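S.K.: Below is the sequence, then the predicted model.
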Amino acid sequence: MTTKILIIGACGQIGTELTTKLRSIYGNDNVIASDIRKLNNDIVNNGIFEVVNALDYNQIEHLIEQYQITDVYLMAALLSATAEKNPAFAWDLNMNSLFHVLNLAKAKKIKKIFWPSSIAVFGPTTPRENTPQFTIMEPTTVYGISKQTGERWCEYYHHQYGVDVRSIRYPGLISWTTEPGGGTTDYAVDIYHKALDNGSYECFLSEDTKLPMMYMDDAIRATVEIMQADAEDVKIRSSYNLSGISFTPAEIAEEIKTHLPDFTISYKPDFRQKIADSWPASIDDSSARNDWGWKHQFEMDSMTQVMLENLSKK
């Protein structure tokens, strides 16, 4: 049977690159991109695109039936910093969109779901270094609470109803193709833009705030790999820890200076500092490596080179 994919939230930071990758693998006609609004971009213009509200069950069901969808990638969410400004809507969007898709899978209307979790599920009581796969999870943000709750529901639907749902806990993601999307780790994207545009950057986190990060190409590859893995190899049905590289703002600034020697950085921590302080500094992702063969490729130096090269062209 042909794999037919629906991506909900295709115009977001991850959705944009995921849609492009999936279309290159499965063909344009087999990957339906959707979002709450129609933008004038490559995702909309280079394949099938539908306007859909992730909170509207009937709209999602209609698209699934219309295109005979087998796999749904639910990428729509309100991210950490944005969610803190509108907690009720963040909870509504992040939770009810997931319920809609889980229930459609329970009703056998789709075969497989990808739903992203995040390092935001962890909290200040979690071990910060090499955070284990199974550990204390007491998130302090609306985003983290919604993702932790979502993990529990994914596991429940898998065990109770046989729903094939797969998930990874994304660290901070770094990409040159899309603008920052309202996350606490987005400084690590913005710093490259400002380094090229202004030669300086004012960071909203302190210089020694170490956080787990990943270059977007690695994150997209991990998403594709877990969805292509045999079902029996996906042993964890809450969400997998995923790790790439961990660094501080001071360390990434030093790396940028190897390419742009005059670059300067200053620090003015804001409300996002408290969020960052509640998250891990590094992640143990040995379960993903052992179960379905995950391995990151980009280190800080190779990522910085690619980021600066591509942003310079833009």
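M.R.: Nice, I can see it.
S.K.: Same question for the helix or strand of the chain with the lowest mean pLDDT: list its buried residues.
M.R.: When the helices and strands of the chain are compared on mean pLDDT, DSSP states H and E, helix 80-85 comes out lowest with a mean of 87. Within helix 80-85, the residues that count as buried by 16 or more other C-beta atoms under 10 Å are 80-84. In this view, the C-beta of every residue, glycine as well, is placed from N, C-alpha and C.
S.K.: State the next helix or strand along the chain beyond that helix.
M.R.: helix 87-106 (DSSP states H and E).
S.K.: Just the CA trace of that following helix, in PDB.
M.R.: Extracted in PDB, the C-alpha atoms of helix 87-106 (Å, rounded to 0.1, in the frame of the first residue of the first chain):
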ATOM      1  CA  PRO A  87      -1.300  29.300  28.500                       C
ATOM      2  CA  ALA A  88      -4.900  28.400  27.900                       C
ATOM      3  CA  PHE A  89      -4.600  28.400  24.100                       C
ATOM      4  CA  ALA A  90      -1.300  26.600  24.300                       C
ATOM      5  CA  TRP A  91      -2.900  23.800  26.300                       C
ATOM      6  CA  ASP A  92      -5.900  23.600  23.900                       C
ATOM      7  CA  LEU A  93      -3.800  23.500  20.800                       C
ATOM      8  CA  ASN A  94      -1.000  21.200  22.000                       C
ATOM      9  CA  MET A  95      -3.400  18.700  23.600                       C
ATOM     10  CA  ASN A  96      -6.600  18.600  21.600                       C
ATOM     11  CA  SER A  97      -4.800  18.400  18.200                       C
ATOM     12  CA  LEU A  98      -3.100  15.300  19.600                       C
ATOM     13  CA  PHE A  99      -6.400  13.800  20.800                       C
ATOM     14  CA  HIS A 100      -7.900  14.300  17.300                       C
ATOM     15  CA  VAL A 101      -5.100  12.400  15.600                       C
ATOM     16  CA  LEU A 102      -4.900   9.600  18.300                       C
ATOM     17  CA  ASN A 103      -8.700   9.100  18.000                       C
ATOM     18  CA  LEU A 104      -8.500   8.900  14.200                       C
ATOM     19  CA  ALA A 105      -5.900   6.200  14.500                       C
ATOM     20  CA  LYS A 106      -7.900   4.400  17.200                       C
END
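S.K.: So which bits of that helix are buried?
M.R.: Applying 16+ other C-beta under 10 Å to helix 87-106 flags 90-91, 93-95, 97-98, 100-105 as buried.
S.K.: Kindly reformat those as JSON lines and extend each row with distance to A219 and pLDDT.
M.R.: As requested, the buried residues of helix 87-106 are exported to JSON lines (distance: C-beta to C-beta, whole Å; pLDDT from 0 to 100):
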{"residue": "A90", "distance to A219": "22", "pLDDT": "95"}
{"residue": "W91", "distance to A219": "25", "pLDDT": "97"}
{"residue": "L93", "distance to A219": "21", "pLDDT": "96"}
{"residue": "N94", "distance to A219": "19", "pLDDT": "97"}
{"residue": "M95", "distance to A219": "23", "pLDDT": "97"}
{"residue": "S97", "distance to A219": "20", "pLDDT": "98"}
{"residue": "L98", "distance to A219": "19", "pLDDT": "98"}
{"residue": "H100", "distance to A219": "24", "pLDDT": "98"}
{"residue": "V101", "distance to A219": "20", "pLDDT": "98"}
{"residue": "L102", "distance to A219": "23", "pLDDT": "98"}
{"residue": "N103", "distance to A219": "27", "pLDDT": "98"}
{"residue": "L104", "distance to A219": "25", "pLDDT": "98"}
{"residue": "A105", "distance to A219": "23", "pLDDT": "98"}
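S.K.: so what secondary structure elements neighbour the least confident helix or strand of the chain?
M.R.: helix 87-106, helix 142-161, helix 271-277 (3 or more C-beta pairs under 8 Å, 6 or more residues apart in numbering; DSSP states H and E).
S.K.: Which helix or which strand is home to the residue of the chain positioned farthest from its centre?
M.R.: Most distant from the centre of the chain: D262, at 32.3 Å, with distances by C-alpha atoms, centre = their mean. Following DSSP H and E, one finds D262 outside all helices and strands.
S.K.: My read is that it contacts L196, right?
M.R.: No. Using C-beta atoms under 8 Å, D262 makes no contact with L196, being 11.8 Å away.
S.K.: hey, where'd the helices end up in the stretch 201-314 of the chain?
M.R.: 216-228, 249-257, 271-277, 286-292, 300-313 (DSSP state H, counting those that start in this stretch).
S.K.: between these, which gets the lowest average pLDDT?
M.R.: Lowest mean pLDDT of the helices of the stretch 201-314 of the chain: helix 271-277, a mean of 92.
S.K.: Find the nearest non-adjacent residue to T2, please.
M.R.: Leaving aside its sequence neighbours, T2 sits nearest to N30 (C-beta to C-beta, 6 or more residues apart in numbering; 6.3 Å).
S.K.: Now do the same contact list for that neighbour.
M.R.: 2-5 (C-beta atoms under 8 Å, 6 or more residues apart in numbering).
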